[in-house]
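> I would like to see how this sequence folds:
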Amino acid sequence: MINLNKILFIDIETVPGESSYQKLTQGMQKEWDRKAKSLRNWDKDADPALPPSSASLFEERGGIFAEFGKVVCIGIGTIYEKSGIQHIYLKSITGNDEKALLEEFLAAIAGFESRQGEIIFCGHNIKEFDMPYLCRRMMINALTLPRCMELSGKKPWEVTHIDTLEMWKYGDYKNFTSLSLLAQVLGIPSPKDDLDGSMVASVYWNDNNLPRIAQYCLQDVHTTAKVFLALAGYRHLTLNALYANNNA
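This is a model prediction of the structure:
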């Protein structure tokens with residue numbers, strides 16, 4: 001049995017590191033051109049007669065690569081019991097200064113670890129995206145990885161991160177199942193919102209609306225927690241969401 005109090009549910013929102021391809025340094029433009037070429041080769045649905053430009057690909061997909069993107073929001077959630085009712089405490093960490101954002105996140109997990117003794121991170125596709133992305137951006141920002149995120153030299157079975165995508169696969173590694181689809185098939189109500197992942201970069205760079213991004217991120221954290229409970233045999237628990245005074 002997993003101690004639910006030791007789990008830190010997490011989700012991140014990322015965007016291209018610059019508002020446009022033209023604002024990249026010449027060196028980074030050359031590197032993105034190489035990346036864009038490989039992306040075009042892998043995109044089987046693209047029209048070969050109208051290949052997307054490096055600039056359009058950067059705006060569309062630059063945020064998913066840690067070398068070219070940055071983190072603008074980290075959503076975290078912790079479960080605790082009060083008066084016999086299970087609650088999930090939700091908080092977003094947002095900002096335009098990525099290094100300051102990551103430092104605040106490091107302080108938050110240090111505080112959580114000091115209270116609980118250890119941290120078990122849980123997220124959807126966390127092993128393939130969220131955790132590697134955070135680690136890479138911390139290295140780029142010259143920050144020291146905390147022990148709970150240092151995976152160098154560890155064998156797969158020594159990594160304690162819980163990935164709801166991995167839980168759902170049951171050993172099948174051929175397909176990707178989105179969090180929203182997983183919530184639907186498990187009968188978990190997911191808050192309706194006017195934002196999806198493909199819109200985050202535009203909402204950030206064009207609208208400068210971090211609070212909207214934070215709300216979307218925390219909805220995913222809450223949904224991830226409910227999906228985890230269903231998959232781990234805690235379907236009977238109902239999570240009452242409590243929101244921190246987020247800095248968004």
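> Every contact and neighbour count from this point should use C-alpha atoms.
Noted.
> Pull the residues that contact stretch 120-135.
6-12, 65-66, 71, 145, 149, 160-166, 179, 221, 224-225 (C-alpha atoms under 8 Å, 6 or more residues apart in numbering).
> Quick one: buried ones out of those residues?
Buried members of those, scored by 16 or more other C-alpha atoms under 10 Å, are 6-12, 65-66, 71, 149, 161-166, 179, 221, 224-225.
> Show me these that map onto helices.
164-166, 179, 221, 224-225 (DSSP state H).
> Put the alpha carbons of the biggest strand by length in the chain into CSV.
When the chain is parsed with DSSP state E, its longest strand is strand 69-82. Presented in CSV, the C-alpha positions along strand 69-82 are these (Å, rounded to 0.1, in the frame of the first residue of the first chain):
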residue,chain,number,x,y,z
GLY,A,69,11.6,25.7,-24.5
LYS,A,70,11.0,26.8,-20.9
VAL,A,71,8.7,26.1,-18.0
VAL,A,72,6.1,28.7,-17.2
CYS,A,73,4.0,26.8,-14.7
ILE,A,74,4.4,23.9,-12.3
GLY,A,75,1.2,22.6,-10.7
ILE,A,76,1.5,20.5,-7.5
GLY,A,77,-1.0,18.7,-5.4
THR,A,78,-0.9,16.8,-2.1
ILE,A,79,-3.5,14.6,-0.4
TYR,A,80,-4.4,14.9,3.2
GLU,A,81,-7.2,13.9,5.5
LYS,A,82,-9.2,16.2,7.7
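> helix or strand right after it?
strand 85-94 (DSSP states H and E).
> which residues sit against that next one?
Contacts of strand 85-94 (C-alpha under 8 Å, 6+ apart): 72-81, 101, 104-105, 210, 214, 217-218, 221-222, 237-248.
> swap the cut-off to 7 Å and go again
72-81, 101, 105, 210, 214, 218, 238-244, 246-248 (C-alpha atoms under 7 Å, 6 or more residues apart in numbering).
> Now Ala183: closest residue in space that isn't a chain neighbour?
Val227 (6.3 Å; C-alpha to C-alpha, 6 or more residues apart in numbering).
> Tell me which helix or strand that neighbour sits in.
Take DSSP H and E as the rule and Val227 turns out to sit in helix 210-231.
> Neighbours of the residue nearest to Ala183, how many?
26 (other C-alpha atoms under 10 Å).
> same thing with the one 5 residues further on?
By the other C-alpha under 10 Å criterion, the neighbourhood of Ala232 contains 13 residues.
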